[in-house]
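**Student:** Compute the structure for the input listed below.
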Amino acid sequence: ETLSRHRAGGSNLAPIPIKFSEKQQASHYLYVREHKVREGTKSSWPQKRTLFVLNVPPYCTEECLSRLFSPCGAVQSVELQEKPDLGDSPKEPKSKFFDPTPVPGFQVAYVVFQKPAGVSAAIVLKGPLVVSTESHPVKSGIHKWISNYVDSVLDPETLRVEVDTFMEAYDKRIAEEEAKAKEEEGVPDEEGWVKVTRRGRRPVLPRTEAASLRVLEKERQKRARKELLNFYAWQHRETKMEHLAQLRKKFEEDKQRIELMRAQRKFRPY
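**Tutor:** Below is the predicted model of the structure:
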């Protein structure tokens with residue numbers, strides 16, 4: 001009776017014992033409950049048809065969970081996550097190539113059934129459920145490492161298709177945002193402010209042909225000076241040395257001028 005329910009964080013969690021194989025004597029426990037959100041909050045998971053699962057071990061994959069809960073009813077989808085889904089924003093589909101590799105360890109899962117009866121049946125499961133069986137073996141040890149390595153080798157054609165699909169969706173979203181921003185230009189908001197962008201500015205009058213020629217000539221002269229000035233490294237060094245010599249010459253002239261002024265102040269015949 002004490003193990004029939006486990007209370008955590010104010011929510012009743014039903015324990016379901018599972019084993020990796022028949023040889024394993026000790027059981028591991030999954031804790032499940034119906035996925036619910038606060039009233040007025042949107043959720044990515046359908047209400048009354050989603051089972052929230054805690055304490056999912058690393059060897060239990062999405063396929064394993066789908067198989068373990070299939071006796072309770074037809075399973076529509078299973079998704080493993082590192083942490084519970086707290087946001088109410090719509091979720092983007094996961095990518096096989098670009099999503100980061102999940103941190104190995106215990107995870108949470110969202111199991112979506114086709115009918116609400118599947119959630120009710122899963123909560124009262126007694127178990128123990130066996131993950132790896134003769135008909136559905138689960139790889140472990142060296143066999144699992146080899147399988148992970150094989151899966152890490154990407155198919156170039158499949159990768160190209162996914163990248164093209166992503167870029168098409170991205171270009172479409174950018175075009176929609178630009179169209180929306182263009183529609184909002186010049187329309188005052190609730191406080192009477194008008195949004196002004198570069199696209200909404202007054203067009204500049206075109207230059208005359210003579211003005212355009214003058215601008216082009218100035219740009220050409222500027223480029224010519226930039227290209228010819230100190231083209232070689234030795235020219236750059238000589239320019240610096242000449243500048244330094246001029247500074248020293250001016251310094252000596254200033255010293256002589258100061259000495260002359262001092263002598264003139266000291267000599268006063270009257």
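**Student:** okay, and for the stretch 101-250 of the chain, where does confidence drop off?
**Tutor:** Within the stretch 101-250 of the chain, the ranges that satisfy pLDDT under 70 run 101-103, 184-192, 194-208, 226-233.
**Student:** All the helices of it, in order from the start?
**Tutor:** Assigned by DSSP state H, counting those that start in this stretch, the helices in the stretch 101-250 of the chain fall at 117-123, 142-152, 156-184, 209-228, 233-266.
**Student:** Please name whichever of those helices is nearest to residue 25.
**Tutor:** Closest to residue 25 of the helices of the stretch 101-250 of the chain is helix 142-152 (CB to CB; 22.1 Å). In this view, the C-beta of every residue, glycine as well, is placed from N, C-alpha and C.
**Student:** Only the C-alpha atoms, please, for the closest one, written as PDB.
**Tutor:** Output in PDB follows, covering the C-alpha atoms of helix 142-152 (Å, rounded to 0.1, in the frame of the first residue of the first chain):
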ATOM      1  CA  ILE A 142      30.600  -2.700 -26.700                       C
ATOM      2  CA  HIS A 143      27.700  -3.500 -29.000                       C
ATOM      3  CA  LYS A 144      26.000  -0.200 -28.000                       C
ATOM      4  CA  TRP A 145      29.200   1.800 -28.600                       C
ATOM      5  CA  ILE A 146      29.600   0.200 -32.000                       C
ATOM      6  CA  SER A 147      26.000   1.100 -32.800                       C
ATOM      7  CA  ASN A 148      26.400   4.700 -31.700                       C
ATOM      8  CA  TYR A 149      29.500   5.000 -33.900                       C
ATOM      9  CA  VAL A 150      27.700   3.700 -36.900                       C
ATOM     10  CA  ASP A 151      24.800   6.100 -36.300                       C
ATOM     11  CA  SER A 152      27.300   9.000 -36.000                       C
END
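**Student:** returning to that earlier point: dump the helices of the stretch 101-250 of the chain into a markdown table; add distance to residue 57 as well.
**Tutor:** Converted to a markdown table, the helices of the stretch 101-250 of the chain look like this (distance: least, CB to CB, whole Å):
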| stretch | distance to residue 57 |
| --- | --- |
| helix 117-123 | 17 |
| helix 142-152 | 13 |
| helix 156-184 | 30 |
| helix 209-228 | 68 |
| helix 233-266 | 67 |
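**Student:** Name the residues of the longest strand along the chain that are buried.
**Tutor:** Of all the segments assigned as strand in the chain under DSSP state E, the longest by residue count is strand 11-19. Buried residues in strand 11-19, counted by 16 or more other CB atoms under 10 Å: 13-16, 18-19.
**Student:** and it, what does it pack onto?
**Tutor:** The elements that strand 11-19 packs onto, with contact taken as 3 or more CB pairs under 8 Å, 6 or more residues apart in numbering; DSSP states H and E, are strand 6-8, strand 28-34, strand 129-130.
**Student:** can you tell me which of those strands comes nearest to residue 109?
**Tutor:** With CB to CB as the measure, strand 28-34 is the member of the helices and strands packed on strand 11-19 nearest residue 109 (8.6 Å).
**Student:** The helix or strand following that closest one packs against which elements?
**Tutor:** Proceeding C-terminally, strand 28-34 gives way to strand 50-56 as the next helix or strand, assigned by DSSP states H and E. Strand 50-56 is packed against strand 28-34, helix 62-69, strand 107-113, helix 117-123, with contacts defined by 3+ CB pairs under 8 Å, 6+ apart.
**Student:** quick one: which of those is nearest residue 129?
**Tutor:** Across these, the minimum distance to residue 129, taken as CB to CB, is reached by helix 62-69, at 4.8 Å.
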